[in-house]
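Asks: Need a 3D model of the sequence below.
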Amino acid sequence: MTGAHFHLPRFAIAFCALSLLLPVLAWAHEGAGGNVGLGVGVGAPTALSIEVAPSPWTAFELALGLHDPASDDAYGHLVFKGDVVRLASGPSVVVPVYLGAGGFIHDHNGTELGIRAPLGVNFDFTRSTLQIFGELALEAVVASKTGDQRVTLAGMAGARIWF
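Replies: Okay, the predicted model is just below:
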């Protein structure tokens, strides 16, 4: 797709507007705390993470940060995640495995847009508002200023506090 032009400010405004509407839709989270989780993930990306749970088994995650901190490549994604199986469910922790689907924007040799599909695990503590998570995600670039199209594997782990 050579010659493609992106309007990053419009995309960023739409991205932020959607993230502000998500808490209005939310009503539940399976662990302790409320329906909005704030945290940080390290890896690819290294980013601040905001997660909103509209049900005990689904969530929307917005992450903003750097895809590769060594190269200062700005990155953001918005992903819908749904639990597919529970590895454990006890009085102190629930451990669901989730699949997700969404999109990302990445500033790597020009703006790239792509599809992101994570597979991950959460450790939702029932007596603490802490959540620990880890995931691997396929990221497919579908549009870029340079015409590059590729699929990569990204990994991120981190923690959130639920409010």
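
Asks: Not counting residues beside it along the chain, what's closest to Pro91?
Replies: Thr126 (6.7 Å; C-beta to C-beta, 6 or more residues apart in numbering). The C-beta positions use only the backbone N, C-alpha and C, and glycine is treated the same way.

Asks: Need the residues that contact whichever strand or helix holds Ala88.
Replies: Using DSSP states H and E, Ala88 sits in strand 73-89. For strand 73-89, contacts defined as C-beta atoms under 8 Å, 6 or more residues apart in numbering pick out 12, 15, 18-19, 45, 47, 57-67, 94-108, 116, 118, 120-121.

Asks: Tell me the first helix or strand C-terminal of it.
Replies: Assigned by DSSP H and E, the successor of strand 73-89 is strand 93-107.

Asks: I'd like to know which elements that next one is packed against.
Replies: Packing contacts for strand 93-107, counted by 3 or more C-beta pairs under 8 Å, 6 or more residues apart in numbering; DSSP states H and E, involve helix 8-25, strand 58-68, strand 73-89, strand 111-125, strand 130-144.

Asks: Strand partners (parallel or antiparallel) of it?
Replies: strand 73-89 (antiparallel), strand 111-125 (antiparallel) (DSSP bridges).

Asks: Tell me which residues touch the most centrally placed residue in the chain, please.
Replies: The chain has Glu61 as the residue nearest its centroid, 4.1 Å off, counting by C-alpha atoms, centre = their mean. Counting by C-beta under 8 Å, 6+ apart, Glu61 makes contact with Ser49, Ile50, Glu51, Val52, His77, Leu78, Val79, Lys81, Gly100, Gly102.
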